[in-house]
Every structure is written in C-alpha cells, then in structure tokens.
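Undergrad: from the sequence below, what's the structure:
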Amino acid sequence: MPRTSKRTRTLVRALAATAATGALVASLSSCGKADMTKQASPFAAAAGSKSVTLSVQTWVGAQANVAVAKYLLEHELDYHVDTVQVDEIPAWDALSQGRVDAILEDWGHPDQEKRYVQDKKTITAGGPNGVTGHIGWWVPKYWADAHPDVTDWKNLNKYASQLRTSESGNKGQLMDGSPSYVTNDKALVKNLKLNYQIVFAGSEAAQITQIQQFAKQKKPFLTYWYEPQWLFNQVPMVEVKLPKYTDACAAKGAKDPDSIDCAYPTTSLQKYFNTDFAKGNSTAAQFLKNFRWDKKDQNEVSELIASKGLSADEAGKQWVQEHPDVWKQWLPKKK
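TA: Okay, the predicted model is just below:
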C-alpha cells in the first residue's frame with residue numbers, strides 16, 4: 001500500500017521489505033534485493049532452456065501475483081522462473097534492458113511510461129491485472145461507529161488529542177509505514193492545516209503489527225493505508241474522506257508535490273513487459289498477458305503468506321489447487 005515524487009499521479013507504494021515479508025521475499029527471490037540493471041537471470045544463459053524472470057515488489061499483494069504466476073509457469077507450462085525483488089523505478093530500467101521480463105503490478109509511473117513505452121518502446125503495456133488500487137487515510141470501524149464525523153477530514157483536528165502518542169508529542173499521530181514511502185501525507189497535513197504529526201512505523205509489517213495492537217486494545221488510530229489488503233479481513237477500517245481528487249489537483253501536484261491538497265486517486269493496477277519478451281509471443285508471454293484476477297483472489301493469497309505463515313510457493317500452490325476455474329482461463333490455447 002502501498003507503494004515518484006509526483007505522488008498524486010502515481011500512487012506508488014514503495015514499501016520496504018520487513019520481518020513479516022522478509023522471509024517470503026527470500027523464498028520468492030533467488031537474488032534478493034538487487035539492482036537488476038546490473039544483474040541477469042541465472043537461467044538466461046542456459047542454452048535451450050525455457051525461462052522467465054519476474055520482478056517482485058515488496059508489498060504482499062504484488063508478491064501474491066508473482067507466487068501464483070510462478071507456480072503455474074513452472075507446473076503447467078514447464079518454465080524455469082527466476083524472481084527478483086527490485087525497487088519500483090529500477091524495475092522499469094531493468095525491464096527496459098531485458099534483465100527482467102515482466103512487472104505484474106504497477107501503481108502508475110507516468111514519467112517511466114512515457115520514457116520507455118511511448119518514446120523508447122522498449123517496454124510494452126501488458127494490460128490490467130484485474131485489481132483496482134486505492135490509497136487513503138483510515139480509522140478503525142469500531143472508533144468510526146462511535147464517532148461517525150471522524151470520517152470527514154474537516155473534523156480530524158477535533159480528535160487530534162485522542163490520537164496523541166509519545167512519538168507525536170502534542171499533536172495527533174498519522175501513522176505511515178516506512179520513511180522510504182513516497183506519499184502526499186506531509187503536504188496534506190500542511191495544506192489542510194491539520195494538527196497531526198506523521199510517525200513512521202518503519203515498514204509494512206511493523207505498521208500491520210501496530211494496527212493489530214491498537215485494534216486488540218480497541219484504541220483509536222489514524223493511518224495511511226491502501227486496498228486491496230488482507231488486513232481489512234482482520235481489522236475492519238473506514239476511510240477518512242479527504243478533499244475530492246481532481247485532475248487539476250493532480251496536474252498541480254505534478255509540478256509541485258508540496259502543493260497537493262486532495263485525496264489519492266483510484267487506479268487500475270497494470271502489467272508491463274519487456275518489449276522483446278512480449279513480441280516473442282512465447283507461451284509465458286501469452287500466459288502473463290492473460291493473467292487477470294480480482295481483489296478477493298489476491299487478498300486470499302496475501303493472507304496465506306502474511307498472516308497464515310505459508311511460504312509464497314505454498315500459498316500459490318494452495319490457491320491454484322482451489323481455483324482451477326480462474327487460472328485455467330489464463331493458459332494459452334493449444335494450437
């Protein structure tokens with residue numbers, strides 16, 4: 001939640017890997033966190049081998065995409081699959097250079113899209129992955145039920161004193177994830193004149209742990225969060241209505257991110273492929289073009305990984321075994 005500095009247009013969830021996701025990323029990635037602009041797939045040089053390299057982002061929803069795609073590529077289409085965790089902007093560079101073949105969940109990078117898809121044509125749009133993403137500010141439902149007006153940003157200052165923590169001092173706490181996240185929150189707090197201090201949990205996993213602790217004690221909290229996300233199944237939350245997102249606000253924010261004063265947009269999450277990989281029309285490319293599921297499917301796999309303790313491979317296998325009616329539609333038709 002996730003996860004460019006022109007944040008109103010890009011909705012990037014640049015989440016850092018953490019304790020809860022670190023183990024799963026290790027299992028997903030044979031290379032770990034790497035600069036893939038300088039590193040090729042270990043399968044790339046294997047003569048005659050069928051191989052594909054997938055970029056893995058650090059948030060669990062994106063990892064769920066890769067877990068299922070990887071399992072099916074290996075067990076249904078007989079491919080070697082290499083998965084590599086790489087930050088979002090370097091992932092575009094790596095994709096352009098053919099170091100990775102596909103990104104299965106992008107939240108919007110218009111600058112990179114213009115450079116590589118429109119101008120250089122080294123990257124090809126792969127269409128939506130079927131999931132709609134949205135970032136915003138959220139409060140727990142149990143608190144919103146008791147104080148319905150808290151879901152309007154205009155009333156947030158009224159509740160700032162209830163949200164003070166040792167980290168936020170005499171201001172209310174707005175909890176963010178990692179300092180590496182690129183968000184609009186600092187600008188929003190300033191421009192909306194809110195008496196709040198942004199406090200970083202440190203990572204997605206640490207943020208989840210903090211939310212779970214607040215919920216267990218029925219304490220109020222205000223947090224930057226996003227959907228789809230499996231945590232909503234365990235801790236129901238209600239979104240705080242920020243000033244309505246508009247294209248004019250996005251255009252203003254694109255020129256000056258510090259001027260942003262509207263909500264985050266909702267966006268259809270997209271796939272992107274290396275152009276040579278896409279034009280090759282291999283069964284892997286055809287399969288990944290066909291890959292498309294919904295929020296419910298992604299959250300199911302995400303929860304298996306992040307909450308139920310399954311490895312990414314185990315979670316992908318379990319979902320595949322239980323949902324043949326979904327994934328069989330992705331398989332390329334035999335000629």
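
Undergrad: who are the neighbours in contact with residue 286?
TA: Counting by Cβ atoms under 8 Å, 6 or more residues apart in numbering, residue 286 touches residue 332. Any C-beta I mention is one placed from the backbone N, CA and C, and that applies to glycine too.

Undergrad: helix/strand/coil for it?
TA: Per DSSP: H, G, I helix; E, B strand; the rest coil, the local secondary structure of residue 286 is helix.

Undergrad: distance of it relative to residue 278?
TA: Between residue 286 and residue 278 the distance is 10 Å, computed by Cβ to Cβ, to the nearest Å.

Undergrad: equivalent analysis for residue 90, please.
TA: Between residue 90 and residue 278 the computed distance is 20 Å (Cβ to Cβ).

Undergrad: residue 53 now?
TA: 14 Å.

Undergrad: what sits against residue 317?
TA: Under the criterion of Cβ under 8 Å, 6+ apart, the neighbours of residue 317 are residue 71.

Undergrad: show me where the stretch 51-200 of the chain has its helices.
TA: Under the criterion DSSP state H, counting those that start in this stretch, the stretch 51-200 of the chain contains helices at 60-75, 88-96, 110-112, 141-146, 185-191.

Undergrad: hey, C-alpha coordinates of the longest one in PDB?
TA: Looking back up the chat, that one is helix 60-75. In PDB, the C-alpha atoms belonging to helix 60-75 read as follows (Å, rounded to 0.1, in the frame of the first residue of the first chain):
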ATOM      1  CA  VAL A  60       2.400  -8.600  -0.200                       C
ATOM      2  CA  GLY A  61      -0.300  -8.100  -2.800                       C
ATOM      3  CA  ALA A  62       2.300  -7.900  -5.500                       C
ATOM      4  CA  GLN A  63       4.100 -10.900  -4.100                       C
ATOM      5  CA  ALA A  64       0.800 -12.800  -4.300                       C
ATOM      6  CA  ASN A  65       0.600 -12.100  -8.000                       C
ATOM      7  CA  VAL A  66       4.100 -13.500  -8.500                       C
ATOM      8  CA  ALA A  67       3.600 -16.500  -6.300                       C
ATOM      9  CA  VAL A  68       0.600 -17.700  -8.400                       C
ATOM     10  CA  ALA A  69       2.100 -16.800 -11.700                       C
ATOM     11  CA  LYS A  70       5.400 -18.600 -10.800                       C
ATOM     12  CA  TYR A  71       3.700 -21.800  -9.700                       C
ATOM     13  CA  LEU A  72       1.600 -22.000 -12.900                       C
ATOM     14  CA  LEU A  73       4.600 -21.200 -15.200                       C
ATOM     15  CA  GLU A  74       6.600 -23.900 -13.500                       C
ATOM     16  CA  HIS A  75       4.000 -26.600 -13.100                       C
END
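
Undergrad: how far off centre is it?
TA: Taking the mean C-alpha point of helix 60-75 and that of its whole chain, the gap between them comes to 14 Å (Cα atoms, centre = their mean, to the nearest Å).

Undergrad: strands of the stretch 201-335 of the chain, start to end?
TA: Under the criterion DSSP state E, counting those that start in this stretch, strands of the stretch 201-335 of the chain are mapped to 222-227, 237-240, 266-274.

Undergrad: now do the buried residues in the last one.
TA: Buried positions in strand 266-274, judged by neighbour count with 16 or more other Cβ atoms under 10 Å: 267, 269-274.

Undergrad: need the longest strand for the protein.
TA: Under DSSP state E, the strand in the chain containing the largest number of residues is strand 123-140.

Undergrad: neighbour count for residue 53 and residue 278, which is higher?
TA: The neighbour count for residue 53 versus residue 278, taken as other Cβ atoms under 10 Å, is higher for residue 53 (27 against 20).

Undergrad: tally of neighbours for residue 325?
TA: There are 7 residues near residue 325, going by other Cβ under 10 Å.

Undergrad: okay, buried residues for stretch 112-128 please.
TA: Judged by neighbour count (16+ other Cβ under 10 Å), stretch 112-128 contains these buried residues: 112-113, 115-117, 122-124, 126-127.
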